[in-house]
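**Q** Provided below are the primary sequence and the corresponding predicted coordinates.
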Amino acid sequence: MSLFKRAGKLVTGGGADVAKLEARIAELEAECRQSDAAIQRIEKVCLAAAAGDLEARLIDIPEDGPGAQSMHALNHLLDMTDASCVKPAAR
Amino acid sequence: MAVGAERVLAQGDIIVSKTDTKGRIHYANRTFLSIADYEERDVLEKPHNIIRHPDMPRTIFKVLWDRIRSGNELFTYIKNGTKNGDYYWVLAHVTPTFDSNGQIIGYHSNRRAPNRPVIAEMEQLYREISNQESSQGDRKAGLIAGEALLNEKLAAAGQTIDQFVFSFASIEKAAA
């Protein structure tokens, strides 16, 4: 199946369902935007932590969205780093 | 009276929360939410005592707050309650968080699982302190009496509260 984009519309050479393809593309584009947003949030927290702000965390993680597991993993990394930095003072 | 079931924090798991200076939660990790049966939106901006269990003597939280408000840390055993009335025991390490000027901007708590023999000891101690608190005419007098009893017990053992809590470290190690 050949697939071209002409004047913003999909044209297929093999009789594919253009409407379905367009819907699928829109879906993938939305997912990409969510992924981009997730990556930006992760980057922001990484930069804050790198600058010494170990308080930085991600809250309100969209659980079924792309990047949710990565965001939890980043929180966990920071929690564990924090836990090992905050050593009990000698008494 | 209905008694909740015990939940056990897995060895190696860590419950983390962060609060502002008033004790309102602004971060709770996934382990916190899953053991206590809360969604993040249920706990954000809520006072940390949302997970307080009625068996806990108020005295312990007074000691905790006195300690962290003055810029110090505290290790203490705590029985926490879940949303549906179950409970779980933790060894909590609570620390103030400072800004670059040395001002307290919030508090941080890491909680790990204590071992079983420690829990039995704490149940006993906390029951005694709670009874002492409730034997008084009002809440304020109860808190004074509770703290007096705790101090009496520590003095009898010749220990600070830190030494007392760390004295259980040997049990922790032996059981590990």
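**A** Ah, there it is.
**Q** how about the helices in chain A?
**A** Per DSSP state H, chain A carries helices over the ranges A:18-50, A:68-85.
**Q** Between those, which one is closest to B:Arg67.
**A** helix A:68-85 (18.8 Å; CB to CB). All C-beta spots, glycine's among them, are computed from the backbone N, C-alpha and C.
**Q** Which residues does the closest one contact?
**A** Here helix A:68-85 makes contact (CB atoms under 8 Å, 6 or more residues apart in numbering or on different chains) with A:38, A:41-42, A:45-46, A:49, A:54, A:56-58, A:61-62, B:14, B:16, B:29-30, B:108, B:110.
**Q** and if we set it to 7 Å?
**A** Contacts with helix A:68-85, where a contact means CB atoms under 7 Å, 6 or more residues apart in numbering or on different chains, come from A:38, A:41-42, A:45, A:49, A:54, A:56-58, A:61-62, B:14, B:16, B:29-30, B:108, B:110.
**Q** Emit the ChimeraX select command for whichever of those residues are buried.
**A** Applying 16 or more other CB atoms under 10 Å in any protein chain shown to the contacts of helix A:68-85, the buried members can be selected in ChimeraX as follows:
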select /A:38,41,42,45,49,54,56,57,58,61 /B:14,16,29,108,110
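**Q** Is it possible to get TSV of the helices of chain A that adds mean pLDDT?
**A** Converted to TSV, the helices of chain A look like this (pLDDT from 0 to 100):
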stretch	mean pLDDT
helix A:18-50	95
helix A:68-85	92
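**Q** From the contacts of helix A:68-85, which land in strands?
**A** B:16, B:108, B:110 (DSSP state E).
**Q** Please report how far the second one lies from B:Glu73.
**A** It stands for B:His108. 9 Å (CB to CB, to the nearest Å).
**Q** which residues do these two both contact?
**A** B:Thr95.
**Q** what's the burial count for B:Ser167?
**A** The number of residues packed near B:Ser167 is 12, by other CB atoms under 10 Å in any protein chain shown.
**Q** hmm, back to that, so which of the ones in strands among the contacts of helix A:68-85 would count as near chain A as well?
**A** Near chain A, judged by CB under 7 Å from any CB of the partner chain, the entries from the ones in strands among the contacts of helix A:68-85 are B:16, B:108, B:110.
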